[in-house]
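Student: Sequence and computational prediction follow.
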Amino acid sequence: MPWLILIASAVFEAVWATALGMSDGLRRPVPTLVFVVAGVISMVGLARAAKHLPIGTAYSVWVGIGASLTVIWSMATGAESVTAGKVVFLIGIIGAIVGLKALPTGEPVPVPAPDKPFASDRRQR
């Protein structure tokens, strides 16, 4: 289930990136609203997936899928030209995403707790 959430949130990343490009610097209300809503959904999905997946893998897959879909959409709509180089590099990104998904996650490395919580550090100053 975390992988499905991650993939769905990556699709919303492509949606917000595309909406941002269409918003004319956040001056057009509808694309700006789509940008904000899709951005929130995308971030929440990433956060939920990262509770169950290593953050490095989750973030890399999220960015890779979002970036790939954004470029593919731009090429499909004619906003960007289709070139052999872009196709080759998109295949590389997609291959890297598949590779990260295929690798075992392994056991997480425990992170030691700080000696003092951050809030108490501020109170002592």
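Tutor: Sure, I can see it.
Student: When you work out contacts or count neighbours from here on, use the C-alpha atoms and nothing else.
Tutor: Will do.
Student: Any regions of the chain where pLDDT drops low?
Tutor: 105-111, 116-125 (pLDDT under 70).
Student: Check which element follows the helix or strand harbouring residue 36 along the chain.
Tutor: Element membership for residue 36, per DSSP states H and E: helix 29-50. Moving toward the C-terminus from helix 29-50, the next helix or strand (DSSP H and E) is helix 55-76.
Student: for that next one, which positions count as buried?
Tutor: Using 16 or more other C-alpha atoms under 10 Å as the test for burial, helix 55-76 gives 57-59, 61-73.
Student: now do stretch 84-95
Tutor: 90, 93, 94.
Student: For the second one, give me its contacts.
Tutor: When contacts are counted by C-alpha atoms under 8 Å, 6 or more residues apart in numbering, residue 93 touches 64, 68.
Student: Quick check: it vs residue 26, distance?
Tutor: In this view, residue 93 and residue 26 are 29 Å apart by C-alpha to C-alpha, to the nearest Å.
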